[in-house]
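Visitor: Here's my sequence, what's the structure:
(chains A and B)
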Amino acid sequence: MKLDKVLAASVLALCASINAANAAKLSLYCSADDEFCQVMARGFEAETGIDVNMTRKSSGETFAQLKAEASNPKGDIWWGGTGDPHLQAAEDGLTMPYVSSMRGELHPWALGQAAASNDKTIGIYLGVLGYGYNTEIMASNNLPLPTCWNDLLDPIYKGHIQMANPNSSGTAYTTLATIVQIFGEEKGFDYMKGLHANINQYTKSGSAPIKAAARGENTIGVAFLHGVVKQAVSGFPVDGVAPCEGTGYEIGSMSIIDGARNVDEAKMFYDWALSAKAQSEAWKVKSFQVPSNVSAESSPLAPDPASINLIDYDFKLYGSSAERKRLLKKWDDEVSVLPQ
Amino acid sequence: MHNNLREKKTHPVLIFWIIAGWVGYLLIPWYGVEDGFFRFEWLFDGYPFDPDYAPAAFLLAQGKKLWLAPLLLPLLASLVVLRLRKSDPAYGIILILVGAIGFSILIVQGFSIGIRGFNFAWLTTIFGDLGDRQFGMGYGALLLASSFLFLFTQGIAARGAVNGDVFVVSAIGGIILVVTVFVFFPIAKMLVAAFITEDGMYSVSVFAAKFFDDRIWGLGCLRGMRCGVAWNSLFLAIVVGVVTTALGLVFALIVTRSGFRYKRALRALTVLPIITPPFVIGLALILLLGRSGAVTVFFADFFGVQPTRWFYGLPGLMIAQTLAFTPIAFLVMIGVVEGVSPSMEEAAQTLRADKWETFRTVSLPLMRPGLANAFLLGFIESMADFGNPLVLGGNFNVLSTDIFFAIVGAQYDQGRAAVLAMVLLFFTLSAFYAQRVWLGKKSYTTVTGKGDAGMHPAMPKRLSLPVFVIAAIWGGFTVVVYLMIVFGSFVELWGVDNSLTFTHYITAFRVSYNEFGIQWIGSAWDSFWTTIYIAAVAAPLTAIVGLVTAYLLTRQTFAGKNAFEFGTMLSFAIPGTVIGVSYILAFNVPPIEITGTGIILVVSFIFRNMPVGVRAGIASMSQLDKSLDESSLTLGANSWQTFQKVILPLLKPAILAALVYSFVRAMTAISAVIFLVSAEYNMATSYIIGRVENNDYGLAIAYSTTLIFVMLAAVGLLQIIVGKTKIRRRIDIGS
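Guide: Just a heads-up that it's a prediction; the model follows:
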């Protein structure tokens, strides 16, 4: 009977599942943009022949996954994503220390991450925080072009600003911590309340606001400036602003997971990811962060940290679990419940 | 006479399961093989002595995993049964004991000993540190567990349950077990997680604090702020339920009671949203009605105002969900409207009621159960919808997406996710229960072969005009949205560069040939093949489970049948997000450790879609006269042979419906899938959502369009394979 054939076929299909060959493997949790992740995974495969199984999730989600899998880790190495979750993971004992031979080639800010976490994490790129806007919508709505953080509080921008939810997004948490460090905690939260009145939606992902602005579904998106450059290079009418009061930055990080099944392969990837060769591929896939290897190539379009007023961001304090929870709770209780 | 013949030799099924049990214990690897059992690499990699691949017996021989030793006792006891005759009371009793004890030992050892030795602190205090650990159960354990289960059911059958019918009792036992393991166990585990505090302790006050949180039940929207998530979901679901039912009724009336000439096209149009991944409709609507959407910009220019984000949030959700769920209401209402007995309406007309009065006083009241049924279905679907709120929910939070953010976001608050899931389950289960209690029986049985061949009257004029207008508007809107989807896949960069191009299709589906054969270069192939493979594996299994259950429900009576029926249909009311969350909580640790594999995806599909196979099976089997079964049984066949040779061949429409629906649902599922995908098993819908989040609308829409066409092809193919059986005795009039 035909049904028998269908059943037999499905059973055979179940039996005949074919995967890649039985080579060495690496399970990579990647928290940067998808193309960047692909280039790193495939590049490492091409370089070493090790089979890379890559999952792309935002830094917050990956941190949550590490916590969920703590008793039975399925990943080997976590690459990319803003530095705070990496520091938190180090604090929670989810990652393991490793001193790479490539350290001598890195910028001091990259080594700062290692110092803050007992060598459990290291910096792979730097991203400057800021915001970007859709030039066409600004023009058609006759909106003045903002240049500072305080400009965004102007009621004329009501409903035009988007930011991610700091609970789920590393970008937004960095924004919150930056504002607190620039204005002090009390004035900083006043600022967040003022900004809340102008916000049309708190997105889940940190890169969503600028992407929505690029598509014309939003006007101003708080984002890392390399994200703004990426949208501009893709053809969207957006421009970026490094706010005048000073701004914070993220240090994208990499950590080896504690209890990883393929530790040796993870260490190989770690060293390779810090090399100039690997990091020079970034801008070619429209990732315009500042690479941590001093000899790595970067695009002229990438934000230049030397020319931007960067604050002295205290990663150790704001990356700690306790401070993060406190700030997020305060934001939940005081800012997110306000009417808009 | 028949039973005497059977007594002389041992039942072959008994021998089969005893052997299976021994094979599971002696030959097959006990624990899960990391790289996949069916690649058989473990045979050459140190089997049978390597502790990763060793069967239980070899592990014991090496002095490891000594807690597996007690399983030997029931296994040996089962051999004793081979010598007994079936009529011997000891036969049944020993089998029952063997099965029950063996299965219990398996469960107890599975839950007590995990990755870090003993799972419970009090065990460590009693026995000291274990010094060993165990991973998730593999095929060896699975085989032994099945063996114990089916020995148990055979024992019960031998003791006289259900007239000693081995097939029926085993089927009941099997279905109860799999539904318990894969539906009730994960849900229970997740609900218990609601009581966990941050330190891992259990607390009722923490639960109460989370449950009565303002973010869930707040009524701020009455004062200008935002309402709690529960009220948002409830309001949206009620509105969508009402609107989809009304629209479903409208379309059903046109198809059955008017002279409209393009009925088949209309049917196809209303069914199209079923084979579309749900959030694709949301995407297309953004392209039309978003802030930079074609229609919004057009009207904004026309009226000289600035376009706004009016679409995000409640308005957009209502439109998108109505578009997506009207087909379900339509399919229900078609059955209902056709099922209204024409003789009743003719009687009213012969008593000189005009068409409007007939419709108002006779037809409509007869359709009321169907209307309520369609409303409840729309309500449940809206509550469970995940893709649309994700894409265009804006600041309008609903339960399904909040559950997702609670678990997957940086918060990782299991307790909050569990509480939200409880609220969501409460709503959907209430609706489901209401449906069954008030309407349940009436919705399954269609009018079967009772000479009711009259003709439905056409609609009264007062009704037909508004109906046609509404249908025209809504039909036109659906057509435009779908054209948008296809058109959008060819646009270079929506909103910026409107030139037409094949780039997106090329990026997604590029294929090239070199000396190694076909290279699937396109970025979409990976998830595409995975999705087809998983859906193709899940669909027949779903159909089997569904139809066996349907057979048990329509053809057999046994104690606890109502509870059994309720339990098997329950998974329909459980939203996908809840299933996804509960699976990752329940199946990430031993004894059943399947997260990150393809198995968990297949299993989630089987149990989410099983109710459809059950319903289709019940509807079809109700139309088959029991005398067919009885004649088969009196000629000496047992119930398994009757099922296989008499009933199944007549069930082709039900089999087809079950296969089609399972396949389509598996390919378009997102709400459960998004929790269960992994690097190796990425599903198409999850990949598409990833592209959408990455601003890659062109690629996302191109991929979605391809999926729609693939599903149309698959449905056609399935119809050819399974074939058609004409079992209807009435000629349809006017359709």
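
Visitor: gap between the residue nearest the centre of chain A and chain B?
Guide: Centroid check for chain A by C-alpha atoms, centre = their mean gives A:G81 as the closest residue, at 3.4 Å. Counting by C-beta to the nearest C-beta, to the nearest Å, the separation of A:G81 from chain B is 10 Å. Where C-beta positions appear, they are placed from N, C-alpha and C, glycine not excepted.

Visitor: Ramachandran angles for that residue?
Guide: Main-chain torsions, A:G81, degrees, to the nearest 10: phi 90, psi 150.

Visitor: Where does the residue nearest to A:A164 when sequence neighbours are not counted sit: helix, strand or coil?
Guide: In this structure, A:A164 finds its nearest non-sequential neighbour in A:A172, 3.8 Å apart by C-beta to C-beta, 6 or more residues apart in numbering or on different chains. At A:A172 the chain is in helix, as set by DSSP: H, G, I helix; E, B strand; the rest coil.

Visitor: mind checking how far A:A172 is from A:Y131?
Guide: With distances taken as C-beta to C-beta, to the nearest Å, A:A172 is found 12 Å from A:Y131.

Visitor: hey, what's in contact with both of these two?
Guide: When contacts are counted by C-beta atoms under 8 Å, 6 or more residues apart in numbering or on different chains, A:A172 and A:Y131 are jointly contacted by A:V222.

Visitor: Number of residues surrounding whatever residue of the stretch 1-150 of chain A ends up closest to chain B?
Guide: Using C-beta to the nearest C-beta, the closest approach of the stretch 1-150 of chain A to chain B is made by A:G60 at 2.9 Å. For A:G60, the count of nearby residues is 32 (other C-beta atoms under 10 Å in any protein chain shown).

Visitor: If you count contacts, what does the host helix or strand of it end up packed against?
Guide: Assessed by DSSP states H and E, A:G60 sits inside helix A:59-68. Using 3 or more C-beta pairs under 8 Å, 6 or more residues apart in numbering or on different chains; DSSP states H and E, the elements in contact with helix A:59-68 are strand A:25-30, helix A:83-91, helix B:399-408.

Visitor: Would you map the strands across the chain?
Guide: No chain specified, so I'll use chain A. With DSSP state E as the criterion, chain A has strands at A:25-30, A:51-56, A:77-79, A:95-96, A:122-134, A:161-164, A:199-203, A:220-224, A:238-241, A:249-257, A:290-291.

Visitor: let's do chain B instead
Guide: Under DSSP E, chain B gives strands at B:113-114, B:117-118, B:491-493, B:497-500, B:511-514, B:517-520.

Visitor: Report the closest residue of the stretch 1-150 of chain B relative to chain A.
Guide: B:F38 (4.8 Å).

Visitor: Could you check how far that residue is from A:N134?
Guide: Distance, B:F38 to A:N134, using C-beta to C-beta: 51 Å.

Visitor: quick one: which of the two has more around it?
Guide: A:N134 (29 against 13).

Visitor: hang on, that one packs against A:I210?
Guide: No - with contact defined as C-beta atoms under 8 Å, A:N134 does not count as touching A:I210 (9.3 Å).

Visitor: tell me the contacts of the nearest residue to A:G216 once chain neighbours are set aside?
Guide: Leaving aside its sequence neighbours, A:G216 sits nearest to B:S292 (C-beta to C-beta, 6+ apart; 3.1 Å). Listed by C-beta under 8 Å, 6+ apart, the contact partners of B:S292 are A:R215, A:G216, A:E217, B:P307, B:G495.

Visitor: just A:L195 next, same as before
Guide: Residues in contact with A:L195 (C-beta under 8 Å, 6+ apart) are A:L152, A:L153, A:I161, A:M163.

Visitor: And for A:L327?
Guide: A:L327 neighbours (C-beta under 8 Å, 6+ apart): A:P166, A:Y173, A:L176, A:A177, A:V180, A:Y318.

Visitor: Assess the claim that the third one and A:M192 are in contact.
Guide: Yes - the pair formed by A:L176 and A:M192 meets the contact definition of C-beta under 8 Å, at 6.8 Å.

Visitor: Now the common contact residues for these two.
Guide: What both A:L176 and A:M192 touch, as defined by C-beta under 8 Å, 6+ apart, is the set A:W331.
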